[in-house]
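[1] Predicted model and sequence below, questions to follow.
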Amino acid sequence: MTDTAHGNPEDIDRWRTEVKQMRADKDQFFIDHPQSPIKPEYRDDFEGLAYFDPDPNFRVPARVRVYGNPDPLELDVTAGAPIRYLRAVIFEFELRGERIQLAGYRQESADDRTIFIPFRDKTTGQQTYHRGRYMEMEPDEALVNGDVVTLDFNLAYNPFCAYTETFACPLAPEENWLEVVVPAGEKTPPETIVD
C-alpha cells in the first residue's frame with residue numbers, strides 16, 4: 001500500500017480506495033477460498049466483515065528501535081502450547097495525544113522479514129474481538145535504529161480464531177495492551193459467521 005494517507009486530499013482519497021479494495025478482497029477470500037476460517041455452512045449468510053471507516057488519523061509514523069540480540073519470549077495462544085517469538089523491534093509513536101510503545105515480533109524459526117504486531121486497546125471486548133487484533137509489517141529491507149515507518153491501524157485484523165476455535169492464535173502480551181481507544185480496522189465478527 002502506498003504511503004499517502006497524510007498527503008493532499010487526492011492522496012487520502014486514493015489511500016481510502018486502496019483500503020476499501022483490500023477489504024473487499026478479504027471478503028471474497030472468506031466467501032470462496034478453501035482456507036477461509038468461515039465454515040462452508042455459514043458462508044451463504046456472510047455479507048462482509050465489519051470495519052471502522054478508514055481514518056488517516058490512525059495511520060501514524062513510528063520510530064523504530066531494533067533489538068540487536070532479540071529477546072526470546074513465549075506468547076500464549078488460544079489453545080495449546082505457547083509459541084516462541086523474538087522481540088525484534090519497538091515502535092515509538094504518538095496516537096490520540098499519547099506517547100506509545102508497541103513491540104513487534106518475529107517467529108524464532110522464521111527467516112523472513114515479517115514483523116508480527118499483536119495488540120489490545122480500549123475497544124477490545126467492546127467493539128473489537130475480545131482477545132485482541134493483529135497487524136503485520138513486511139519491510140523491504142532490514143530495519144535499523146531510527147528508521148521511521150508507518151503503522152496503519154486501519155489494517156488491524158482479527159485472528160482466525162475469532163471465527164472458529166479450530167485455530168490456535170497467539171495472544172497479545174501485556175506489553176502490547178494499549179491504554180487508548182483505537183477505533184480503526186476490523187470490528188468484532190458478525191455472529192452469523194462465528195462457529
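    Thanks, I have it.
[2] all strands for this protein, in order.
    59-75, 83-95, 98-107, 115-119, 133-137, 148-152 (DSSP state E).
[3] can I get the ones you listed in CSV with mean pLDDT, distance to Pro9 and mean neighbour count?
    In this view, the C-beta of every residue, glycine as well, is placed from N, C-alpha and C. What follows is the strands of the chain, written out as CSV (pLDDT from 0 to 100; distance: least, C-beta to C-beta, whole Å; neighbours: other C-beta atoms under 10 Å):
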stretch, mean pLDDT, distance to Pro9, mean neighbour count
strand 59-75, 92, 15, 15
strand 83-95, 95, 22, 18
strand 98-107, 95, 27, 18
strand 115-119, 97, 29, 21
strand 133-137, 97, 26, 20
strand 148-152, 96, 18, 18
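[4] which stretch among the ones you listed comes nearest Tyr163?
    strand 133-137 (13.2 Å; C-beta to C-beta).
[5] tell me the angle of the closest one relative to strand 115-119?
    If you take axes from the mean of the first three to the mean of the last three C-alpha atoms, to 10 degrees, strand 133-137 sits at 160 degrees to strand 115-119.
[6] re the thing from before, which one of the strands of the chain lies nearest to Ile38?
    Short answer: strand 133-137, nearest of the strands of the chain by C-beta to C-beta, at 17.5 Å.
[7] Just the residues contacting the closest one, thanks.
    When contacts are defined by C-beta atoms under 8 Å, 6 or more residues apart in numbering, strand 133-137 is touched by residues 104, 114-120, 124, 149, 151-153, 155-159, 185-186.
[8] Before I go, just wanted to say thanks for your time.
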